[in-house]
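> Sequence below, structure please.
(one chain, ligands or ions: 1)
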Amino acid sequence: MATLKLDIVTAERLIFSDDVNMVVAPGVEGQLGILPHHAPLMTMLQPGELLIRKDKEEIYLAVSGGFLEVRPDKVTILADACEHAEDIDATRAEIAKRRAEELLKTRGPDVDVAQTEATLRRALMRLKVAQRKRKPKISA
Ligand code: ATP
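Numbering: from 1, shown residues only. Take a look at the predicted model:
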């Protein structure tokens, strides 16, 4: 099966680096499916789920936003923050969600609404991705 090289990095560390068969990323203009031999591309990412297919595996990660670049058979994701589904602390995300919801409800003078809404989106997205488990694909 054809592969492309995928690197996912944040300012702090290398999150993922491997040859994979497909990447589905949350582009700002919608889901972006990237297969080997994809045309060169550069786009921003929105908070969402990142799916990687490698052989018979599906790997899920939460990405908070960032940039994605496609070069010939190489995809680089520069993520604001990125966690493997199994590394997400769901309790932390639940606390962040409740706190953001509470702040948006009270809307005190110090509340940055846009920032709090972004925090809420990240928390909801992490809770969703946390439910994913690394699993073998059912069919090819
Ligand atoms: P919180 O409000 O819970 O601190 P946040 O959205 O403000 O979350 P970020 O600024 O996006 O957090 O990320 C800061 C660091 O913490 C990053 O390294 C990110 O991967 C990690 N992180 C954030 N939330 C979680 C979580 N629920 N589980 C695991 N790692 C997390």
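> dump the residue contacts of Val111.
Leu103, Leu104 (C-beta atoms under 8 Å, 6 or more residues apart in numbering). Yep, even glycine has a C-beta here, placed from its N, CA and C like the rest.
> no wait, Leu41
Contacts of Leu41 by C-beta under 8 Å, 6+ apart are Leu68, Glu69, Val70.
> just Glu117 next, same as before
Listed by C-beta under 8 Å, 6+ apart, the contact set of Glu117 reads Ala100, Leu104.
> sorry, back to before: could I have the buried ones of the contacts of Leu41 as ChimeraX selection syntax?
The ChimeraX selection below is limited to those of the contacts of Leu41 classed as buried (16 or more other C-beta atoms under 10 Å):
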select :68,70
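> Any chance of CSV for the contacts of Leu41, columns distance to Asp7, pLDDT and secondary structure?
Below are the contacts of Leu41 laid out as CSV (distance: C-beta to C-beta, whole Å; pLDDT from 0 to 100; DSSP: H, G, I helix; E, B strand; the rest coil):
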residue, distance to Asp7, pLDDT, secondary structure
Leu68, 11, 98, strand
Glu69, 10, 98, strand
Val70, 12, 97, strand
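> can you redo the contacts of Leu41 as JSON lines with distance to Leu104?
What follows is the contacts of Leu41, written out as JSON lines (distance: C-beta to C-beta, whole Å):
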{"residue": "Leu68", "distance to Leu104": "29"}
{"residue": "Glu69", "distance to Leu104": "34"}
{"residue": "Val70", "distance to Leu104": "36"}
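> What is the nearest of the contacts of Leu41 to the ligand?
Among those, Leu68 lies closest to the ligand (C-beta to the nearest ligand atom), at 17.3 Å.
> wouldn't the closest one be in contact with Lys74 here?
No - between Leu68 and Lys74 there is no contact under C-beta atoms under 8 Å: 11.4 Å.
> I'd like the contacts of Leu41 as CSV, with distance to the ligand appended.
Below are the contacts of Leu41 laid out as CSV (distance: C-beta to the nearest ligand atom, whole Å):
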residue, distance to the ligand
Leu68, 17
Glu69, 21
Val70, 24
